[in-house]
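Enquirer: Requesting a structural model of the entry that follows:
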Amino acid sequence: MVGTGEYTTGFVGGGASGSDKKVGVVGLTMFDLRRRGKVGKLSMVGTSGQKYPAIREHLQKNITNVYNGLDTSFESYPPNDTRDANAYKTAIDALAPGSAITIFTPDTTHYPIALYAIERKIHVLITKPAVKTLAHHLALLEAAKKHGVFVYVEHHKRYDPAYADARFKAQKLGDFNYFYSYMSQPKSQLETFKAWAGVDSDISYYLNSHHIDICESMVQTLGYTPVKVSASASKGVAVSLGCDPITEDTISLLVHWVKKSDPSKQATGVYTASWTAPQKAGVHSNQYFHYMASGGEIRIDQAKRGYDVADDSLGNGLMWYNPFYMKYAPDEEGNFAGQGGYGYVSFEKFVDGCRMVNKEGVGALEKLDGRGLPTLRNTVATTAILEAGRRAIDEGREVGIKEVDGAWELV
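Expert: I've put the predicted structure just below:
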């Protein structure tokens, strides 16, 4: 597990995260997959070993003591008294070919970490966005093919039951016409992300990546491809909270889609993301979309799912929770029982894919691409759109996307 922050351990700034990931996602899922016999030895690597005593105490208290003594042991890099930005190399060098890593680190580090692992025949899961540029995405794709490893992008919204059902139903609604999405997180998250927000990445890469992937996976089977992107960004709030002056608050991308078999059929996608949403909105993440096609439309609001809790100890008083993502309540025997949550399912799909490639050989990689999983090959368009959006803001122009016989470029 590369990266020891909120998503991996739930440990932020010396204690448990204040978000909906208080005990993390990656670590808890991997500890449970080990209990179930799907993974073996676990290790974790960050840049500062000084955090590990507190992280281990946090995991013991919030996972082991809660879920029937669930084993949370792991080997750690670098040593407890050391700070080393390249510790990931030592950790990866300790793995045998056919092992796997997960990458939950700032976006600019995804490419070098993933490439280092791929070149040593290690399977790789990368948090979204996979990388920040189309060139890096294609380079990783070529390296993965050369070394015969499975590289998977952690687009967990594909496994949200409502989103998965919508993707299926969209196939029978005719030609794609319009898609609008919104996703947000409260401005308190900027405290967690302050070290890299706006500098190493932006809110579009971080959150728009979810709905762009959902839309692309819905419409690429209908023959649609993105051809040009324009973008707009708002600023002011993040900067007032102490973020770098270049940090944007909210970013909207406008994407023009064309049906390859009939260019007269065109569609519009609008994708908006913000990390300066109100603190007391009652949800950690607003997330919804509207899809319209020639034969019908789909609307999904996955922020308020008919489950709210009023709690006098909460600053907000009323919260809408999402146990469909990660279900932290134990079962009747006291074991972790969140195996059906779409956050967990995403990682299990990756682990199963790694085991399949190790068993069947490189021929399994084509099968996995064919299943429509969020593999590197199946997410090229998403990276192209995200980079085009960033360039559209930086360069003040509309950016074209060109794809001919599987070869992609921005123009």
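Enquirer: How much space separates the residue nearest in space to the middle of the chain from residue 29?
Expert: When the chain is reduced to its mean C-alpha position, the closest residue under Cα atoms, centre = their mean turns out to be residue 128, at 3.4 Å. Computed as Cβ to Cβ, to the nearest Å, the residue 128 to residue 29 distance reads 16 Å. Bear in mind the C-beta positions are built from the backbone N, C-alpha and C, glycine included.
Enquirer: Equivalent analysis for residue 81, please.
Expert: Where residue 29 is concerned, residue 81 sits at a distance of 29 Å (Cβ to Cβ).
Enquirer: Compare the two and say which one has the larger neighbour count.
Expert: Using other Cβ atoms under 10 Å, the more surrounded residue of residue 81 and residue 29 is residue 29, with 26 against 7.
Enquirer: Isn't that one up against residue 343?
Expert: Yes: counting by Cβ atoms under 8 Å, a contact exists between residue 29 and residue 343, whose distance comes to 7.3 Å.
Enquirer: Let's see the pLDDT reported for the residue nearest to the centre of the chain.
Expert: Looking at residue 128, its pLDDT reads 96.
Enquirer: excluding its backbone neighbours, what's nearest it?
Expert: Taking Cβ to Cβ, 6 or more residues apart in numbering as the measure, residue 128 lies nearest to residue 209, with 4.3 Å between them; neighbours along the chain are not counted.
Enquirer: cool, and residue 182?
Expert: Excluding the flanking residues, the one nearest residue 182 by Cβ to Cβ, 6+ apart is residue 272, at 4.9 Å.
Enquirer: Name the residues that touch stretch 315-333?
Expert: Applying Cβ atoms under 8 Å, 6 or more residues apart in numbering, the external contacts of stretch 315-333 come out as 20-23, 25, 28, 66-68, 156, 160-161, 279-280, 282-285, 302-305, 307-311, 336-338, 340-344.
Enquirer: I meant stretch 86-101, not that one.
Expert: The contact list for stretch 86-101, computed with Cβ under 8 Å, 6+ apart, reads 1-2, 43, 45-47, 49, 75, 77-78, 84, 113, 116-117, 120-125, 150, 350-351, 354, 357-358.
Enquirer: With stretch 287-296 instead?
Expert: By Cβ under 8 Å, 6+ apart, the surrounding residues in contact with stretch 287-296 are 157, 166, 170, 172-184, 210-211, 214-215, 218, 297-303.
Enquirer: Give me the buried entries from the residues you listed.
Expert: 157, 166, 170, 173, 175-177, 179-184, 210-211, 214-215, 218, 298, 300, 302-303 (16 or more other Cβ atoms under 10 Å).
Enquirer: In helices only, show me the residues you listed.
Expert: When DSSP state H is applied, the buried ones among the contacts of stretch 287-296 are split such that 166, 170, 210-211, 214-215, 218 fall in helices.
Enquirer: For stretch 155-163, list every residue counted as buried.
Expert: Using 16+ other Cβ under 10 Å as the test for burial, stretch 155-163 gives 155-160, 163.
Enquirer: which one's the longest helix in the protein?
Expert: Looking only at the chain and at elements set by DSSP H, the helix with the highest residue count is helix 342-360.
Enquirer: helices and strands of the protein: which one bottoms out on pLDDT?
Expert: For the chain, the helix or strand with the lowest mean confidence is strand 15-16, at a mean of 58 (criterion: mean pLDDT, DSSP states H and E).
Enquirer: Show me what the mean pLDDT comes to for stretch 354-374.
Expert: Averaging pLDDT along stretch 354-374 gives 97.
Enquirer: Kindly report the same for stretch 230-245.
Expert: Stretch 230-245 shows a mean pLDDT of 92 in the predicted model.
Enquirer: Need phi/psi at residue 296.
Expert: Torsion angles at residue 296 (phi, psi; degrees, to the nearest 10) stand at phi 160, psi -180.
Enquirer: and if you look at residue 133?
Expert: phi -130, psi 150.
Enquirer: could you list every residue that touches it?
Expert: Contacts here follow Cβ under 8 Å, 6+ apart; on that basis residue 133 touches 383, 387.
Enquirer: same check, this time on the one 10 residues further on
Expert: Contacts of residue 143 were listed using Cβ under 8 Å, 6+ apart, and they are 115, 118-119.
Enquirer: and it, that's in a helix?
Expert: Yes: Residue 143 sits within a helix when classified using DSSP: H, G, I helix; E, B strand; the rest coil.
Enquirer: need the strands for the stretch 1-150 of the chain, in chain order.
Expert: Listed from the start of the chain, the stretch 1-150 of the chain has strands (DSSP state E, counting those that start in this stretch) covering 11-12, 15-16, 43-45, 75-77, 100-103, 123-127.
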